[in-house]
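Visitor: Curious how this folds, go ahead:
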Amino acid sequence: MTETKIPSELLTISDLTAAANEKTILHDVNLSIEPGTTHVLMGPNGAGKSTLGHVIMGDPSYTVEKGSIVFDGQNVTDLSPDKRSLAGLFLSFQAPVEIPGVPLYSFLRTIAGLRPNLKQSAKQFRKRVTELAEELEMNPANLTRELGVGFSGGEKKKVEMLQLLLLQPKLAILDETDSGLDVDALGVVSKGIESYRKACDGTLLIITHNTRILERVDVDKTHVMVAGRLVAEGDASLIDEIDVQGFEKYERLANKNA
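Guide: Below is the predicted model of the structure:
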């Protein structure tokens with residue numbers, strides 16, 4: 001009997017080069033993320049960090065010119081975003097979109113219904129979503145509002161945390177989740193991240209240029225991107241170094257290797 005081989009990496013990005021509007025943004029990116037770990041991607045504004053998150057998720061605005069993306073043992077380089085989502089990928093947006101005419105609760109019910117492991121009766125589902133909203137200190141009345149319409153920045157980020165906890169993806173990519181949040185909202189988001197990690201031993205790639213949110217997260221590995229290239233990696237101590245010294249050293253390194 002042949003034993004099924006479980007991949008040691010949940011995500012493997014190999015020699016990835018990607019472009020938008022015929023301009024190359026990412027250059028020969030190599031990145032591996034192991035199951036159950038928390039990785040952080042840091043870099044100055046315009047480094048290409050968010051682009052990498054969107055390319056992993058299959059955003060059609062970007063074209064993969066070279067390289068591959070393997071997720072959970074499957075080459076997903078050419079898969080559409082919805083298929084990547086159903087495979088267990090999740091991306092929170094830096095600026096969550098508004099969808100007029102679509103109640104938040106109906107949206108959550110629809111996306112959960114596409115996943116066999118999340119199918120529940122209407123009563124069970126409502127109870128689960130209400131519990132998650134309370135855990136995130138979200139007003140339950142927001143569940144009946146149009147998705148994102150009229151929500152504050154903090155409310156939009158809570159909605160994304162609600163989706164994260166509901167869907168329990170294998171890998172969550174959080175793109176600038178701390179952007180524009182006050183201290184209280186940041187605490188709620190940090191609580192959501194912690195709950196996700198505990199609920200399903202979730203795997204995280206946190207994209208940021210700010211170290212605030214990382215003060216409450218146990219980080220396994222830190223990566224630094226400058227000008228679309230990964231120029232350094234290390235453990236959590238690299239975050240403290242960047243917090244004090246900034247990215248100047250890595251910008252010089254990127255210019256040298258360009």
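
Visitor: For the stretch 1-150 of the chain, which residues score under the pLDDT cut-off?
Guide: 1-7 (pLDDT under 70).

Visitor: can you give me the strands in it?
Guide: 11-20, 23-33, 38-42, 63-71, 74-75, 89-92, 99-103, 146-147 (DSSP state E, counting those that start in this stretch).

Visitor: Dump those strands into TSV; add distance to Lys49 and mean neighbour count as well.
Guide: Any C-beta I mention is one placed from the backbone N, CA and C, and that applies to glycine too. Shown next, in TSV, are the strands of the stretch 1-150 of the chain (distance: least, Cβ to Cβ, whole Å; neighbours: other Cβ atoms under 10 Å):
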stretch	distance to Lys49	mean neighbour count
strand 11-20	13	18
strand 23-33	10	17
strand 38-42	5	24
strand 63-71	16	17
strand 74-75	23	12
strand 89-92	12	23
strand 99-103	25	12
strand 146-147	26	18
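
Visitor: okay if I get those strands as a markdown table plus distance to Lys249?
Guide: Formatted as a markdown table, the strands of the stretch 1-150 of the chain follow (distance: least, Cβ to Cβ, whole Å):
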| stretch | distance to Lys249 |
| --- | --- |
| strand 11-20 | 24 |
| strand 23-33 | 19 |
| strand 38-42 | 13 |
| strand 63-71 | 27 |
| strand 74-75 | 35 |
| strand 89-92 | 29 |
| strand 99-103 | 42 |
| strand 146-147 | 42 |
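
Visitor: Of all the ones you listed, which one is nearest Val129?
Guide: For those, proximity to Val129 was assessed by Cβ to Cβ; strand 99-103 is nearest, at 11.9 Å.

Visitor: Please export the C-alpha coordinates of that closest one as PDB.
Guide: The C-alpha coordinates for strand 99-103 follow below in PDB (Å, rounded to 0.1, in the frame of the first residue of the first chain):
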ATOM      1  CA  ILE A  99     -21.200  45.800  -2.500                       C
ATOM      2  CA  PRO A 100     -24.500  47.700  -2.500                       C
ATOM      3  CA  GLY A 101     -27.600  45.500  -2.500                       C
ATOM      4  CA  VAL A 102     -26.000  42.500  -0.900                       C
ATOM      5  CA  PRO A 103     -26.700  42.000   2.800                       C
END
